[in-house]
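Undergrad: Have a look at this prediction, sequence included:
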Amino acid sequence: MKFSKILERFLQLIPVLLGISLIVFFMIELTPGDPVEIMLGDEISTPEQEASLRHEMGLDQPVHFRYYRFISNALVLEFGQSFYHRRPVIDLITERLPATIELTIVAMFIAIFTAVPLGVIAAIKKNSFIDKIATVGALFGVSMPAFWFGLILIMFFSVQFNLLPVSGRITYDLEVPNKTYLLLIDTLILFRLDSFFDALKHILMPALTLGLAMGAVLMRVTRTSMLEVMSQDYIVFAESKGLKRFRIICWHALKNALIPTVTVAALETGSLLGGNMIVETIFGWPGLGRLVVEAIFDRNYPIIQTAVLLYATTYVLMNFIADVLYTFLNPRVSL
């Protein structure tokens, strides 16, 4: 595949991102509620104080001027000040983003390394008891709301059996110096095994909740793809040559069956970032999703706009990566 094709496809993302920024900005602008009134609360204020605060927050400018300023600043990663924290938005997001990235990675690993083997086994053992259990479990995972599954996990593993902590990222009295800002990696680098297992216990339930839907989708895609590949002529030919079943599955069938799975996994990874707001709120996870929920209640426009733009940009880029990967895995497809 030529580099010019990849570059051309990448440049096509620019109008998409501009359209997303426009939608995000004006949707937030049309949201009911005045951040000035919310910040002042029940305090008695004069019109001069309200006007001064509105000017300080930049809300007295025309809408088109605020959008132009938003885009201009976004190009240089300058997203303004948080209305409530009185700190740069980029600082708040960079503080919370590592926790969200770590949660997303763990959820992705749980989903992939559970769903793909189950999908392969279900396809090989078609219509067997294992296949039926896996199919019902996948339907269960797709249908169940994340917040309800999270509450069930808390009720059983935290309240009933007291095996896993309810919230947080690590126990408060365990301080781990930041190396990569990913706790699981930092604890291993520093050989702090007690802190590693404590962080693992904290992340397990949120990651299971977040990865449930992704795992269910990947399992169904893998099973369907494997069933299609196993019926192809080259598989029948390989079996007629007397090749071992394990080799046929791993070296011939699985390699081709994983092409749609890889594509869906890339897209679902982008969706994980958008779906983490509910999960992080339920489990008190100090990530970006929880910050966004707090910002929505506070009408903290700069944080909401920046976070949603980040989510949308990530999803678009994951789509782009999925398209490129697909062309490498399947040379018959071109961008």
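TA: Looks like it came in fine.
Undergrad: make it CA atoms for all contacts and neighbour counts henceforth
TA: Fine.
Undergrad: how many other residues sit next to V76?
TA: When counting by other Cα atoms under 10 Å, one arrives at 8 neighbours for V76.
Undergrad: I misspoke; the intended subject was S52.
TA: Residues near S52, counting by other Cα under 10 Å, number 13.
Undergrad: Check the offset of whichever strand or helix holds it from the chain's centre.
TA: Element membership for S52, per DSSP states H and E: helix 47-56. Computed by Cα atoms, centre = their mean, to the nearest Å, the separation of helix 47-56 from the middle of its chain amounts to 38 Å.
Undergrad: pLDDT below threshold where in the chain?
TA: Filtered on pLDDT under 70, the chain yields the residue ranges 1-2, 33-35, 37-45, 57, 274-275, 330-335.
Undergrad: just the strands in it please.
TA: In the chain, no segments count as strands under DSSP state E.
Undergrad: what about H64, neighbour count?
TA: H64, neighbours per other Cα under 10 Å, totals 10.
Undergrad: any idea how far it lies from S21?
TA: Using Cα to Cα, to the nearest Å, H64 is found at 13 Å from S21.
Undergrad: returning to that earlier point: buried residues in the helix holding S52, which are they?
TA: Under the neighbour-count criterion of 16 or more other Cα atoms under 10 Å, helix 47-56 has 53-54 buried.
Undergrad: contacts for it?
TA: 36, 60-61 (Cα atoms under 8 Å, 6 or more residues apart in numbering).
Undergrad: Would you mind finding the longest helix in this structure?
TA: Ranked by residue count and defined by DSSP state H, the top helix of the chain is helix 193-230.
Undergrad: correct me, but G287 touches R96?
TA: Yes: under the criterion of Cα atoms under 8 Å, G287 makes contact with R96 at 4.5 Å.
Undergrad: Next, the buried residues of the longest helix of the chain.
TA: For helix 193-230, by 16+ other Cα under 10 Å, it's 195-196, 198-227, 229-230.
Undergrad: can you check stretch 229-246 too?
TA: For stretch 229-246, a neighbour-count test (16+ other Cα under 10 Å) marks 229-230, 235 as buried.
Undergrad: Which of those residues sits closest to T314?
TA: V229 (31.5 Å; Cα to Cα).
Undergrad: Now do the contacts for the closest one.
TA: So V229 contacts 235, 253, 256-257 (Cα under 8 Å, 6+ apart).
Undergrad: Format the buried residues of stretch 229-246 as TSV; extra columns: distance to R247.
TA: Listed next are those as TSV, based on distance: Cα to Cα, whole Å:
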residue	distance to R247
V229	14
M230	13
I235	11
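Undergrad: can you map out the helices along the stretch 151-300 of the chain?
TA: Secondary structure of the stretch 151-300 of the chain (DSSP state H, counting those that start in this stretch): helices at 183-189, 193-230, 233-240, 245-247, 254-282, 288-298.
Undergrad: Looking at those helices, which is nearest to K5?
TA: helix 254-282 (18.8 Å).
Undergrad: which outside residues touch stretch 98-106?
TA: With Cα under 8 Å, 6+ apart as the test, stretch 98-106 has contacts from 181-183, 203, 206-207, 210, 269, 272-273, 276, 285-289.
Undergrad: List the buried residues in it.
TA: Result for stretch 98-106 [16+ other Cα under 10 Å]: buried residues 98-104, 106.
Undergrad: Looking at the residues you listed, which two lie furthest apart in space?
TA: Across the buried residues of stretch 98-106 (Cα to Cα), the longest gap, 12.3 Å, separates P98 and V106.
Undergrad: Just give me the neighbour total for the closest residue to A199 other than its chain neighbours.
TA: Spatially, and ignoring its direct neighbours in sequence, A199 is nearest to I170 (5.0 Å; Cα to Cα, 6 or more residues apart in numbering). I170 is flanked by 21 other residues according to other Cα under 10 Å.
Undergrad: surely I170 meets D198?
TA: Yes: with contact defined as Cα under 8 Å, I170 reaches D198; the gap is 6.2 Å.
Undergrad: Could you chop the chain up by domain?
TA: 3-75, 89-329 (automatic domain parsing).
Undergrad: quick one, which of those domains is nearest to F83?
TA: Of all these, domain 89-329 sits nearest to F83, with 5.8 Å by Cα to Cα.
Undergrad: For T171, which non-adjacent residue is spatially closest?
TA: D198 (7.0 Å).
Undergrad: S195 too?
TA: S195 sits nearest to T187 (Cα to Cα, 6+ apart), 6.2 Å away.
Undergrad: quick one, what contacts the one you found?
TA: With contacts defined as Cα under 8 Å, 6+ apart, T187 is in contact with 176, 193, 195-196.
Undergrad: Those: which two are farthest apart?
TA: For those, and using Cα to Cα, no pair is farther apart than V176 and L193, which are 11.2 Å apart.
Undergrad: What's the separation between Q61 and M27?
TA: 17 Å.
Undergrad: Same check on R247?
TA: Counting by Cα to Cα, the separation of R247 from M27 is 53 Å.
Undergrad: My read is that A238 contacts I249, right?
TA: No: judged on Cα under 8 Å, A238 makes no contact with I249 at a distance of 10.2 Å.
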